[in-house]
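> quick one: sequence and predicted model below, then my questions.
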Amino acid sequence: MRRSFGGAFTGVVLIAVAASVLAVLRHRGEGGPKQVNPVGDLPVLQGRVRVEVLNAGGRRGAAHEATELLRKRGFDVVYFGNADSFGQDSSVVLDRVGRPDDARGVADALGIDDVRSDPDPNLYLDVSVMLGREWQPADAAGPKGKRP
């Protein structure tokens, strides 16, 4: 009986030590430059803006073209594809985590003027791009990504 009590006691001590170590690791960066996603528990990756690009205008290849432009400029495009529908005329960039400067940087890279805040804690990304029918890559359409 004494032997099993010692094993149980050791187990309880190990669990307490593990819980203490986890608590220290969680709070280790408090007060420093560590940022926390204001919408969820995802950490902000310094210098890495996670972006999704959705073709909402219906022009074939638009999301892929925008993805290539953003990746050349250092953005981390984690998904690109079609939006639920193709009825959108103008493009919009959506800030998903409460960091409008990141969304503005994406918009500037694509020549999009419309930037809005629409936080969504269910998305594992920072910025959503909804490409409208009018969007064209800057190299084909001029400096603002629109046809003259």
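Done, it's in. Numbers count the residues shown, from 1 in each chain.
> please count neighbours and contacts with C-alpha atoms only from this point.
OK.
> could you pull out the helices for the protein?
2-27, 62-72, 100-110, 138-141 (DSSP state H).
> give me the local confidence score for Asp108.
At Asp108, the pLDDT value in this model is 95.
> and if you look at Ile15?
pLDDT recorded at Ile15 is 72.
> looks like Lys57 contacts Arg133 (just checking).
No, residue 57 isn't Lys; it's Gly. Yes. Under the criterion of CA atoms under 8 Å, Gly57 makes contact with Arg133 at 3.8 Å.
> those two: which has the busier surroundings?
Between Gly57 and Arg133, counting by other CA atoms under 10 Å, Gly57 is the more crowded of the two (23 against 18).
> may I have the phi/psi pair for the more buried one?
phi -110, psi -20 (degrees, to the nearest 10).
> any figure for the gap between it and Phe75?
22 Å (CA to CA, to the nearest Å).
> any idea how this protein splits into domains?
For the chain, the structural domains run 1-34, 50-141, going by automatic domain parsing.
> out of these, which one sits most buried?
Of all these, domain 50-141 has the most neighbours on average by mean count of other CA atoms under 10 Å, namely a mean of 19.
> in this protein, which ranges drop under the pLDDT threshold?
1-14, 16-47, 139-148 (pLDDT under 70).
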